[in-house]
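**Q** here is the input, now give the coordinates:
(one chain, ligands or ions: 1)
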Amino acid sequence: MNSSRAFLVWAAGVTAYLVAVTQRTTFGVAGLQATDRFDASASQLSIFTVVQLLVYAGLQVPVGVLVDRWGPRTLIVAGGILMILGQVQLAFAESVGAGIVGRLLVGAGDATTFISVLRLLPAWFPFHRIPVLTQWTGIIGQLGQIVSVIPFVAVLSTFGWEPAFLGAAALSVLAVLFAVIAIRDSPEAGSERSVQTLRETGASLAEAWRQPGTRLGLWTHFTIQFPGTVFVLMWGYPYLVRAEKLGEGPASVLMTLFVAVGILCGPFLGRYVGRHPLRRSTMVLAIAALIAGAWLAVLLQPGPAPLPLLVLLVIALAIGGPGSMIAFDFARTFNAAARLGTATGIVNIGGFLASLLSMFVIGVILDLLLGSGFSEGDLYALGSFRIAMAAQLVVLAVGVVNVVLIRRRVRRRMAEQGVVVPPVRDVIVRERARRREQKAARRRGGLGS
Ligand SMILES: N[C@@H](Cc1c[nH]cn1)C(=O)NCC(=O)O
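**A** Numbers count the residues shown, from 1 in each chain. Predicted structure coming up:
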């Protein structure tokens with residue numbers, strides 16, 4: 001395998017993903033201008049994001065199946081074209097309906113990109129490199145948010161709506177060209193693509209779903225991806241500014257900290273997964289416990305939470321982003337290459353489903369508390385936000401219970417195949433013995449020289 005060729009393919013894939021994340025997040029930062037342009041209420045504007053995420057989540061399985069049939073290159077290019085059409089549509093849209101059609105196209109294009117890029121990795125890289133490269137794919141992709149927040153916002157506020165969204169569409173044109181030129185599905189073209197009838201496709205989908213490792217991935221993604229997504233995409237900023245009274249500057253610093261922690265933790269988690277493949281779900285449960293603990297510590301404060309606790313909360317939520325990439329490692333290692341796209345699509349539904357559910361439930365609780373008079377006329381009162389945010393703990397608990405149950409089934413199946421997961425205590429004893437042995441060998445080497 002030619003490694004510079006492999007890195008070029010990956011670079012084109014990651015560029016496509018970074019640009020997809022930019023397209024995904026452009027509307028979120030254009031809220032004020034969108035209110036003027038479409039003369040829309042806050043709830044009408046939230047429909048734009050909900051429709052986009054629903055289309056994204058709803059297309060994961062069909063897109064996963066198509067990635068296995070047609071290969072990642074075709075899907076990345078098709079997704080890029082859909083996003084170009086969507087952003088051009090939004091650039092010229094003057095009604096809520098026309099704008100929503102634009103976001104729908106963007107959601108559909110975005111849906112094809114991430115799973116296609118992950119599908120490229122096992123085709124081009126040796127097994128031991130994939131966990132870390134999976135993490136880097138996630139990390140670099142998230143930088144697309146920064147493109148939305150800085151250059152896109154600058155163009156939007158200087159030149160206006162149409163140039164900003166047309167400029168965003170132009171980025172996808174470049175990403176599509178790069179993909180067409182650089183991406184090949186595998187070094188031996190077509191080797192892992194499955195040419196299936198519809199019946200075989202259904203069978204392959206059922207097979208991916210029946211594999212408990214796929215469902216372990218789905219529940220992993222469900223459990224630890226959503227708390228960070230809900231915080232960053234919707235409720236975090238109003239919670240920090242309006243309920244915790246943090247001020248816009250410090251709230252923005254915490255949002256930046258969120259991105260930085262995700263970047264710093266990704267490679268560490270990638271190495272951990274590579275070294276301890278039998279302990280991936282233990283890390284998932286540890287991250288879920290950290291998120292639950294941080295939220296409990298913040299929500300149980302009698303008044304506004306002290307800044308260090310909010311920093312701890314943001315760090316815990318941020319670790320959930322790279323942590324959720326472990327889910328795709330489950331999909332990859334428990335499924336044959338020919339149905340990897342399908343399995344990845346199933347897994348990727350988890351986090352987005354939990355995010356949509358939680359975003360909606362938090363909004364409904366805030367509205368109900370306002371309507372009941374509990375919030376005393378302030379939709380974002382601290383007491384109300386506390387109750388609404390606590391609903392996430394229920395979603396988290398549902399996820400954790402499912403991870404624990406499916407993990408049991410996975411381990412039983414592995415034991416039938418002769419792979420027994422040793423107790424953590426035994427692993428620690430063995431690891432200590434290995435370190436002692438290494439130290440002694442170094443000392444012997446030192447004395448000999
Ligand atoms: N877990 C995220 C990606 C991520 C990596 N680091 C922080 N977030 C994920 O599921 N991504 C899917 C997508 O389409 O973006």
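
**Q** C-alpha from now on. contacts and neighbour counts both.
**A** Noted.

**Q** and the gap between L312 and L257?
**A** According to CA to CA, to the nearest Å, L312 stands 11 Å off from L257.

**Q** equivalent analysis for V67, please.
**A** Taking CA to CA, one finds V67 at 34 Å from L257.

**Q** just want to know which of those two has more residues nearby.
**A** V67 (29 against 16; other CA atoms under 10 Å).

**Q** for the residue nearest to the more buried one when sequence neighbours are not counted, what are its contacts?
**A** The spatial neighbour of V67 that comes closest, neighbours along the chain excluded (CA to CA, 6 or more residues apart in numbering), is G341 at 5.5 Å. Residues near G341 by CA atoms under 8 Å, 6 or more residues apart in numbering: 63-68, 115-116, 119.

**Q** which residues touch L120?
**A** By CA under 8 Å, 6+ apart, the neighbours of L120 are 10, 72, 185-186.

**Q** now these: which count as buried?
**A** 10, 72, 185-186 (16 or more other CA atoms under 10 Å).

**Q** nearest to the ligand among those residues?
**A** Ranked by distance to the ligand (CA to the nearest ligand atom), those are led by P72 at 14.2 Å.

**Q** hmm, the closest one is touching R119, no?
**A** Yes: using CA atoms under 8 Å, P72 makes contact with R119 at a distance of 6.6 Å.

**Q** show me what the helix or strand harbouring V403 is packed against.
**A** Element membership of V403, judged by DSSP states H and E, is helix 382-416. Packed against helix 382-416 by the contact rule (3 or more CA pairs under 8 Å, 6 or more residues apart in numbering; DSSP states H and E) you find helix 212-230, helix 280-299, helix 340-371.

**Q** select, out of those helices, the one closest to S324.
**A** Proximity to S324 (CA to CA) singles out helix 212-230 among the helices and strands packed on helix 382-416, at 5.1 Å.

**Q** for the closest one, the averaged confidence score.
**A** For helix 212-230, the per-residue pLDDT values average out at 96.

**Q** please apply the same query to stretch 177-188.
**A** Regarding stretch 177-188, the rounded mean pLDDT is 94.

**Q** likewise for stretch 421-431?
**A** In this model, stretch 421-431 has a mean pLDDT of 78.

**Q** list the buried residues in stretch 282-302.
**A** By 16+ other CA under 10 Å, the buried positions in stretch 282-302 come out as 283-285, 287-295, 298-299.

**Q** near the ligand too, which of those residues?
**A** By CA under 6 Å from any ligand atom, no member of those lies near the ligand.

**Q** ok, then the element right after the one helix or strand T113 maps to?
**A** For T113, the host element (DSSP H and E) is helix 96-124. Downstream of helix 96-124, the next assigned helix or strand under DSSP H and E is helix 130-147.

**Q** the stretch 151-300 of the chain against the ligand: which residues are in contact?
**A** 225, 262.

**Q** which regions of the stretch 151-300 of the chain lie under the pLDDT threshold?
**A** 189-195 (pLDDT under 70).

**Q** what about the helices in it?
**A** Remark: helices assigned in the stretch 151-300 of the chain by DSSP state H, counting those that start in this stretch are 153-159, 161-182, 198-210, 212-230, 236-238, 248-275, 280-299.
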